[in-house]
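> output the structure for:
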Amino acid sequence: MTGDRQQDTNTRAITSRRRVLAAAALAPMLTAAGPAAARALPNGMPGPGHGRRVKPVPTGLADWAGVAKALGRTGDMLRGTTYHTAFPRRDLLVVSDGVVVTPGLALGTHVAFVRYADGSTMLMGDVVVTEDELQWVTDAWQAHGIEQTALHKHLLAQTPDIWWTHVHAHGHDAVALARGLRAGFDRTGTPPALPPGPPAPIDLDIAGMEAALGAKGVSDGEVYKCVFLRRETIADGHLVLPPGLGSTSAFTFQPLGGGRAALAGDCAMLAGEVQNTLKALRRGGIKLVELHNHHLAEDPRLFFTHFWAVGDAVELARALRPAVEATNVVPSL
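As a prediction, this is how the structure comes out:
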């Protein structure tokens, strides 16, 4: 046997002995840990019992009165299971690509609460913060058990610098979750809620846009928005997400006059859909802003791309259609 072959044999033997010793040392710890070790696994990790998923249950506004009080404003119900509250940042004057961005286009904080069959509640949201607020709000949430699952931007070259952070929490005390969320909001300039008023007519060719997109949307008098839902059942760890929560593609148009609009939006995609979606957006002249995740433990895994464009509203809607068709979504209306 040559020297090289002898050395290789010795190396394999040493490696094998090390693996045996390591396994022998680890076995007692695993045995002692038992089921507790499995329970300690994060939601996104495989483990015994991880496959037992819990479904959301229907709720009404009265079920969330304590949450509304803790947040300091009332919300609304979406699809019978999701309690949604908006916190538009009307205090900010943001300009992107020469456009003064309205709160409805890309400055709207949104949070949602869902009750589950085991009596627990999940909180999920997307929060607008300035760069100066970001670290302060992060510290407040961490002190109250509110997790951040994404940190990114929705706009290109905006002034001042604005960030969007996704928040997540799960527990059996919905009011405590709301208070933790409020602790972060109180470190921002988020203004108090305004009383709702009747929506004004919006200066866009809605019929032409809906024909181009193949879907209907809604207008609040400030922007026109069209939302698409993933067809799959999405779970966040062991919690099944209601349709439309944390898994939507949303396109928002702010009228600029003369049939033109600023477009801000994002697409929810599986990994296999990402490249075709990005290519479809760029072929339509739409600018890509971000490609990232919103969750840490969802199944199937989702990716999101935020994008921006300014132009004729109907043409923008037509440019979005191939991106819609590249993903497995259905209109929400």
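> quick one: Val273 is in a helix?
You called it Val, but residue 273 is Glu. Yes: assessed with DSSP: H, G, I helix; E, B strand; the rest coil, Glu273 lies in a helix.
> check contacts around the residue nearest to Phe185 when sequence neighbours are not counted.
Of all residues not flanking Phe185 in the chain, Phe87 sits nearest, at 6.7 Å (Cβ to Cβ, 6 or more residues apart in numbering). From N, CA and C alone the C-beta is placed, and that goes for glycine too. Contacts for Phe87 (Cβ atoms under 8 Å, 6 or more residues apart in numbering) come out as Arg73, Gly108, Thr109, His110, Val111, Val127, Val128, Phe185, Thr190, Ala193.
> equivalent analysis for Leu181, please.
Leu71, Val111, Leu123, Gly125, Trp141, His144, Ile146, Val167, Ala169.
> cool, Tyr224 as well?
With contacts defined as Cβ under 8 Å, 6+ apart, Tyr224 is in contact with Ile202, Leu204, Ile206, Met209, Gly217, Val218, Thr252, Phe253, Pro255, Ala261, Ala313.
> from the contacts of Leu181, which single one is nearest Phe228?
Gly125 (19.8 Å; Cβ to Cβ).
> tell me how far the helix or strand containing that closest one lies from the chain's centre.
Assessed by DSSP states H and E, Gly125 sits inside strand 121-130. For strand 121-130, the gap between its own C-alpha mean and the chain's C-alpha mean amounts to 8 Å (Cα atoms, centre = their mean, to the nearest Å).
> taking the mean pLDDT, what do you get for whichever helix or strand comes after it?
Downstream of strand 121-130, the first helix or strand assigned by DSSP H and E is helix 131-143. Averaging pLDDT along helix 131-143 yields 97.
> could you look up the SS state of Ala212?
Per three-state DSSP, Ala212 ends up helix.
> any idea how far Phe253 is from it?
From Ala212 across to Phe253, the span is 11 Å (Cβ to Cβ, to the nearest Å).
> contacts only, for Leu151.
Leu134, Trp163, Trp164, Thr165, His166.
> if the third one is in a bridge, with which residues?
Put plainly, it is Trp164. Val128, His152 (DSSP bridges).
> and it, how far from Val57?
Distance, Trp164 to Val57, by Cβ to Cβ: 29 Å.
> so for those two, which sits in the more crowded spot?
Taking neighbours as other Cβ atoms under 10 Å, Trp164 and Val57 compare with Trp164 leading, 21 against 15.
> pull the contacting residues for that one.
Trp164 neighbours (Cβ under 8 Å, 6+ apart): Asp126, Val127, Val128, Val129, Ala150, Leu151, His152, Lys153, His154.
> got a quick PyMOL command for the buried subset of those residues?
Burial among these is assessed by 16 or more other Cβ atoms under 10 Å; the matching PyMOL selection reads:
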select buried, resi 126+127+128+129+150+152+153+154
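> would you reformat the contacts of Trp164 as a markdown table and include distance to Val289?
Putting the contacts of Trp164 into a markdown table (distance: Cβ to Cβ, whole Å) gives the following:
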| residue | distance to Val289 |
| --- | --- |
| Asp126 | 14 |
| Val127 | 17 |
| Val128 | 15 |
| Val129 | 17 |
| Ala150 | 13 |
| Leu151 | 14 |
| His152 | 8 |
| Lys153 | 6 |
| His154 | 6 |
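> which among the contacts of Trp164 gets closest to Val99?
Using Cβ to Cβ, these come closest to Val99 at His154, 12.9 Å.
> using the three-state scheme, assign the closest one.
Three-state call for His154 (three-state DSSP): coil.
> report pLDDT for it.
95.
> drop anything exposed from the contacts of Leu151.
Among those, the ones that count as buried by 16+ other Cβ under 10 Å are Leu134, Trp163, Trp164, Thr165, His166.
> now Arg282. Its backbone dihedrals?
As for Arg282, its main-chain torsions (degrees, to the nearest 10) stand at phi -70, psi -40.
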